[in-house]
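**Student:** kindly return the folded structure for what I paste below:
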Amino acid sequence: MEALVIKYFKFWNSHDIDGLKTMFLHDVELQDWENSFVGIENVLNENKNIFNNFPKIKAEIIDIGVSKNKVMAQIVVNLDEYETLDIVDVITIDSGQIKSIVAYKC
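**Tutor:** Next up is the predicted model:
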């Protein structure tokens, strides 16, 4: 599961929407401290919006923990050269794909 999450962040950092699509279940859910999205098209569209609004955005993995069907990833999101966010993503895995991502801003 850790390798799956590392692959997810590789696609995310490359802004690879097609790659991300292969990672998600059809009914994937994405929730952060402001918004919630359900369904693969809605989640992919939100990622497109993020990439359009922050063209240099990248996530740096600080630490990963695995428990049953969940992976907790402590990350630093670099919005640009000057602004960063400390985030913990709780990623639920089902049948080798991402079922949900809940992001917590620290």
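**Student:** using CSV, write out every CA atom in the helix or strand where residue 21 lies.
**Tutor:** Assessed by DSSP states H and E, residue 21 sits inside helix 17-23. These are the backbone C-alpha positions of helix 17-23, laid out as CSV (Å, rounded to 0.1, in the frame of the first residue of the first chain):
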residue,chain,number,x,y,z
ILE,A,17,-4.6,13.5,-14.6
ASP,A,18,-4.6,10.3,-16.7
GLY,A,19,-2.3,8.7,-14.2
LEU,A,20,-4.4,9.8,-11.2
LYS,A,21,-7.5,8.3,-12.9
THR,A,22,-5.9,4.9,-12.8
MET,A,23,-5.4,5.2,-9.1
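**Student:** list the buried residues for it?
**Tutor:** Buried residues in helix 17-23, counted by 16 or more other Cβ atoms under 10 Å: 20, 23. No exception for glycine: its C-beta is placed from N, CA and C like everyone else's.
**Student:** distance from the chain centre to it, please.
**Tutor:** Its chain's C-alpha centre and that of helix 17-23 lie 11 Å apart, by Cα atoms, centre = their mean, to the nearest Å.
**Student:** please look at residue 101 and residue 36 and confirm they touch.
**Tutor:** No: here residue 101 lies out of contact with residue 36, judged by Cβ atoms under 8 Å, at a distance of 10.7 Å.
**Student:** if I look at the two, which residues touch both of them?
**Tutor:** 29-30 (Cβ atoms under 8 Å, 6 or more residues apart in numbering).
**Student:** so which elements touch the longest helix along the chain?
**Tutor:** As assigned by DSSP state H, the longest helix anywhere in the chain is helix 40-53. Where contact means 3 or more Cβ pairs under 8 Å, 6 or more residues apart in numbering; DSSP states H and E, helix 40-53 is packed against helix 17-23, strand 24-31, strand 36-38.
**Student:** mind putting those into CSV with mean pLDDT and distance to residue 68?
**Tutor:** Shown next, in CSV, are the helices and strands packed on helix 40-53 (pLDDT from 0 to 100; distance: least, Cβ to Cβ, whole Å):
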stretch, mean pLDDT, distance to residue 68
helix 17-23, 98, 19
strand 24-31, 98, 17
strand 36-38, 98, 23
